[in-house]
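Student: Coordinates only, no sequence provided:
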């Protein structure tokens, strides 16, 4: 009678198959990412392809091994149990099938639970998903072949304890190294709390303020800074889910005469939604909006609930800028001006296309587009002193950018970025490229920038003219100076708050106002001590 197979031989076979599957999966991921860039007209030579593949093997493959390893252990254990109990199916058939099904179930589970719609970019399309599953099946076949060579008649498989080491691992994204904190003699006052994921703040005449809450509510604070108990009525229907919801609020430039307020928000359903823009009149009683009309929506519709952009700002010529996002799973569309995805748009106050827009009157491109190649633009300000439109956008793992926006400019995403995908995979081999506007500043690792303001008040003269950028990950405000077309981070502020900073504003009184992002968010006012 043959001796039973020892546990370490089975474990070794498992590890060999796991490594092979992880390497194959990494190579598949890389090639499909590069193929997506080639479809945008980017030439990728053999040397660049090999270099990118090797970097992904170093950064993506270990992370993928944890994900794939968990599914591989479970699927192969089930397959081994079925083979031993029934003897009706060959290992060389069942193990590969189980590996592919196990990976598919794991990807579906991760994509459901993770904040991003699709964790592994190659699986956004059916071809990439199928190829990844085939790579998993090859690993299953290899494991079956190795085990079949070990097992004699009458022998059996023992447990596979090697995976305990893999399951003990975890993914920890690096945190950015903060500059020295500044404390220049200020005090922090809470004006309002109990706000549910507040997103944007706007100032009205006579000291009143408007605050948006992402689930779809517009709140008002009276001239005494007191939050009114009831939300304003008359808002458009908002699609609220994950990152989707009510975003920015912006009074018209002639608000005192027109009473007009502009709102950006997500509209539609999880299967088909858009970033939208509406305007309405604030009623004299201050209880709600009247005559609300949608004046712009991003085309085409997209699936999912991530990356909408949504910041608003007026230019001196009374045209309106609205920032957008790439919808996460649609990143290549940011380079295709036939749609609005991943762009910044410029509109007349009624939502029509200004005649001097870069693509106004085009039969090929969307006339509203002002710039393109953006990932998720959630910071926007017009610096009247420098006559400069400034935006920042989220990178993935690193590559957050501050950009000076030029009409018709291409800002690179996803052809150029300093960031990696959340899995460690390279989005692109390039950080710069001819014809693409380079960022004034990038943060790598990411700070997850949110609201942004140019400080132009009198209360803090030492910060006059600086950008104040909220950090969601860092839970601080980053102070950035602009000199001679260059942006330099000078330090971080308000670390003691210890909350995600969603919006930053300079008030008419020169104070700094912050919104913190949580289900118990706060409106904070910062003045000199």
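Tutor: Okay, I see it. From a predicted model like this one, the values you see are computed outputs, not experimental measurements.
Student: Now do the same for the most centrally placed residue in the chain: helix, strand or coil?
Tutor: For the chain, the residue nearest the mean C-alpha position is residue 307 (5.4 Å; CA atoms, centre = their mean). The assignment at residue 307 comes out as coil when based on DSSP: H, G, I helix; E, B strand; the rest coil.
Student: Let the chain start at 53 from now.
Tutor: Fine by me, first position is 53 from now on; the one you just mentioned is residue 359.
Student: Any idea what the closest residue to it other than its chain neighbours is bridged to?
Tutor: Among residues not flanking residue 359 along the chain, residue 377 sits closest, at 3.3 Å (CB to CB, 6 or more residues apart in numbering). C-beta coordinates here come from the backbone N, C-alpha and C atoms, glycine included. Beta bridges link residue 377 to residue 428, judged by DSSP bridges.
Student: and residue 530, that one's in a strand?
Tutor: Yes: per three-state DSSP, residue 530 lies within a strand segment.
Student: Within its local environment, how many residues does it see?
Tutor: Using other CB atoms under 10 Å, residue 530 has 29 other residues around it.
Student: I'd assumed residue 499 was in contact with it.
Tutor: Yes: assessed by CB atoms under 8 Å, residue 530 is found in contact with residue 499 at 6.3 Å.
Student: Secondary structure element for residue 455, which one?
Tutor: Residue 455 belongs to strand 452-456 when elements are defined using DSSP states H and E.
Student: Give me the contact list for the next helix or strand after that strand.
Tutor: Heading C-terminal from strand 452-456, the first helix or strand you meet, by DSSP H and E, is strand 493-495. The contact list for strand 493-495 (CB atoms under 8 Å, 6 or more residues apart in numbering) reads 228, 447, 450-454, 470, 501, 532, 539-541.
Student: can you rerun that using 10 Å?
Tutor: 228, 444, 446-447, 450-455, 469-471, 483, 501, 519, 521, 523, 525-526, 530, 532, 534, 538-541 (CB atoms under 10 Å, 6 or more residues apart in numbering).
Student: what are the ranges of the strands in the stretch 303-452 of the chain?
Tutor: For the stretch 303-452 of the chain, the strands defined by DSSP state E, counting those that start in this stretch cover 312-320, 325-334, 341-349, 364-366, 372-375, 395-399, 421-424, 429-435, 440-445, 452-456.
Student: Near residue 246, how many residues? Count them for me, please.
Tutor: 11.
Student: can you check residue 310 too?
Tutor: Number of residues near residue 310 (other CB under 10 Å) recorded here: 14.
Student: repeat for residue 360
Tutor: Residue 360, neighbours per other CB under 10 Å, totals 28.
Student: quick one: it and residue 393, what's the gap?
Tutor: 10 Å (CB to CB, to the nearest Å).
Student: anything in contact with each of those two?
Tutor: 326, 327, 350, 354, 376, 377, 378, 379.
Student: Which members of those are the farthest-apart pair?
Tutor: 326 and 378 (13.4 Å; CB to CB).
Student: Could you tell me what pLDDT the model assigned to the closest residue to residue 452 other than its chain neighbours?
Tutor: Excluding the flanking residues, the one nearest residue 452 by CB to CB, 6+ apart is residue 495, at 4.2 Å. We have a pLDDT of 98 for residue 495.
Student: what's the distance between residue 495 and residue 308?
Tutor: Following CB to CB, the distance that separates residue 495 from residue 308 is 39 Å.
Student: and these two? which has more neighbours close in?
Tutor: residue 495 (26 against 11).
Student: That one and residue 502: what is the separation?
Tutor: Taken as CB to CB, the span from residue 495 to residue 502 is 13 Å.
Student: who touches both of those two?
Tutor: Common neighbours of residue 495 and residue 502 (CB under 10 Å, 6+ apart) are 444, 446, 521, 523, 525.
Student: right, and the pair among those residues with maximum separation?
Tutor: Maximum pairwise distance among these (CB to CB): 13.7 Å, between 444 and 525.
Student: So for these two, which sits in the more crowded spot?
Tutor: When residue 444 and residue 525 are compared for neighbours, residue 444 comes out ahead with 33 against 18, by other CB under 10 Å.
Student: Provide a list of residues in contact with the residue nearest to that one when sequence neighbours are not counted.
Tutor: Setting aside the residues directly before and after it, residue 444 is nearest to residue 431 in space (CB to CB, 6+ apart), at 3.9 Å. When contacts are counted by CB under 10 Å, 6+ apart, residue 431 touches 361, 363, 375, 442-446, 452-455, 501-505, 519, 521-522, 555-556.
Student: So for residue 431, what's the pLDDT?
Tutor: At residue 431, pLDDT is 98.
Student: So residue 80 versus residue 480, what's the distance?
Tutor: With CB to CB as the criterion, residue 80 and residue 480 are 17 Å apart.
Student: got any residues that touch both of residue 326 and residue 378?
Tutor: When contacts are counted by CB under 10 Å, 6+ apart, residue 326 and residue 378 are jointly contacted by 354, 360, 393.
Student: Pick out whichever of the residues you listed sits closest to residue 180.
Tutor: The closest of the shared contacts of residue 326 and residue 378, once distances to residue 180 are taken by CB to CB, is residue 354, at 18.3 Å.
Student: Thanks a lot, see you next time.
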